[in-house]
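1. next input, structure requested:
(one chain, ligands or ions: 2)
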Amino acid sequence: MRLYSTNRSAAEVSFKEAVFKGLPDDNGLFMPVSIPQLPSAFFETIDKLSFQEIAFQVTKTLIGDEIPDADLKKIIDDVLSFDAPLVKVEDNISVLELFHGPSLAFKDFGARFMAKIMSYFLQKEKKEIHILVATSGDTGSAVAQGFLGMPGIKVTILYPSGKVSDIQEKQLTTLGQNITALEVNGTFDDCQRLVKEAFLDKELNNKINLSSANSINISRLIPQSFYYFYAYSKLKSLGLPVVFSTPSGNFGNLCGGLIAKRMGLPIHKFVASTNANDVVPEFLETGIFNPRPSVATISNAMDVGNPSNYARLVELYGKDLEAIKKDIFGTRYNDEETAQAIEKVYKAGGYIMDPHGAVAYLGLKEYAKTTGEKFSGVFLATAHPSKFIEVVEEIINKKIELPERLQTVVNKKKEAFPLTSDFSDLKSYLLKSM
Ligand SMILES: Cc1ncc(COP(=O)(O)O)c(C=O)c1O
Ligand SMILES: N[C@@H](CCOP(=O)(O)O)C(=O)O
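-> Numbering: from 1, shown residues only. Ligands and ions are numbered 1, 2, ... in the order given. Predicted coordinates:
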């Protein structure tokens, strides 16, 4: 697999180089030089394949021979040690539950894949890596769990103070070992900017092997395509067009789906569902990309005002807005609409959505209403509702049970270093931590 930079001023790299570099030197994002199609035989038999077999074929087709088949199969089997069930919620509407991994969010797919791939490459060379990750709630804990205790790897998580749920914060700040949390006085976009600035800082990069575990890292994106294939395999026999609604913030999840479509997965339409941070739906309507400071919502992990993967999204379509709109329907919802959806779906059939999944549910309903099309609709449930327990319990007026994995973190002591949103503070922290 060869990758180029979306800014086109950096040299092409291999998959391994892209994984370790995270970001190209010209501050673009790595994109595959070509996205190969899967053979038609794959789609003819996809419904007979396991999740692991599907993921292996997808990865092998994308990355080629950089990892021998037997090793790649083992990596995929280790990553996908949990399921992604498709649960019917209404006629022709199912939810793809992506929260059955260790951190109870969809980020476990990407973070575990990246951790296993890095550890595979690192077996052959002894070097110390310092991973920086910005989080609005979920990426941080998935990455921390993925890399916990891994020799030669330090992880530093930057999260916005007061802007993640209490449980998310505990997940980020209580692991210890090789994981450190920095509580940034700012927004998620500040955290993301600080991480990107660190990659561009010559002195830091001469002294520390930095890598990124956000979806700007290509190894995070590839596994975020697996479950689109898997969900399709479960719906194929119905013979209806398939529409996915993806709750979006940084747009890495949607980009995973777009890669799947490029590889030949017959996805009829994507719904890009956002909360009030609607920079991308607005771009789809106006053709103008206007990043701005994020606002706080009850679907906090999507509070992103300058989505990183916008660059990849437009790159995939050669910046052709009409072509983008053919594949993607954009829409946004406020907190009141989100809460009403959680309540309505719970009252109708007992299914409990988290605020992010609820935004995606609303997107699917709106797409159906707007187009009048008949389709198999899938909305992605990206986090377990108990990660937002206060919000969800208040909406459905019922206590929800905390899964065992979360019960163990709630009583642990938070450990986080406070940081301003000035890059000089992060830089001196990193230099001191060497
Ligand atoms: C629960 C949840 N839903 C949705 C999103 C948005 O995903 P993306 O940033 O890939 O658009 C996130 C964070 O990324 C998340 O944690
Ligand atoms: N919503 C994310 C923000 C970072 O997203 P990423 O997929 O680009 O790493 C989070 O929960 O941290």
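2. got the residues of the stretch 101-250 of the chain near ligand 2?
-> Residues of the stretch 101-250 of the chain lying near ligand 2 by C-beta under 6 Å from any ligand atom: 135-140, 214-215, 249-250. Every residue, glycine included, has its C-beta placed from N, CA and C.
3. which ones are touching the closest residue to Leu158 other than its chain neighbours?
-> Nearest-residue entry for Leu158: Cys191, 3.9 Å, with adjacent residues in sequence omitted and distances by C-beta to C-beta, 6 or more residues apart in numbering. Neighbouring residues of Cys191 by C-beta atoms under 8 Å, 6 or more residues apart in numbering: 134-136, 158-160, 184.
4. go on, Ala341?
-> 333, 353, 358-359, 361-362.
5. thinking again about what came up before, farthest pair in the contacts of Cys191?
-> Taking C-beta to C-beta as the measure, the contacts of Cys191 span a maximum distance of 11.1 Å, between Ser136 and Val184.
6. now for these two: what residues contact both?
-> Common neighbours of Ser136 and Val184 (C-beta under 8 Å, 6+ apart) are 159-160, 191.
7. among the residues of the stretch 101-250 of the chain next to ligand 2, which are located in strands?
-> Counting by DSSP state E, these place none of their members in strands.
8. can you put these in CSV and add distance to Asp47?
-> CSV is the format used below for these (distance: C-beta to C-beta, whole Å):
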residue, distance to Asp47
Thr135, 36
Ser136, 35
Gly137, 34
Asp138, 30
Thr139, 31
Gly140, 36
Asn214, 33
Ser215, 29
Gly249, 31
Asn250, 31
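9. how about those in TSV, adding pLDDT and neighbour count?
-> Output for those, formatted as TSV (pLDDT from 0 to 100; neighbours: other C-beta atoms under 10 Å):
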residue	pLDDT	neighbour count
Thr135	96	28
Ser136	92	26
Gly137	90	29
Asp138	94	29
Thr139	96	29
Gly140	94	32
Asn214	95	26
Ser215	94	26
Gly249	97	33
Asn250	96	24
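10. quickly note the distance from the nearest residue to Gly64 once chain neighbours are set aside to Phe229.
-> In this structure, Gly64 finds its nearest non-sequential neighbour in Met1, 5.4 Å apart by C-beta to C-beta, 6+ apart. Distance, Met1 to Phe229, using C-beta to C-beta, to the nearest Å: 18 Å.
11. list the contacts of the nearest residue to Gln168 once chain neighbours are set aside.
-> Closest residue to Gln168 apart from its sequence neighbours, by C-beta to C-beta, 6+ apart: Gly137 at 4.3 Å. Residues in contact with Gly137, defined by C-beta under 8 Å, 6+ apart, are 159, 164-165, 168, 300-301, 387.
12. 6 Å - rerun?
-> Neighbour list for Gly137: 164, 168, 300-301 [criterion: C-beta atoms under 6 Å, 6 or more residues apart in numbering].
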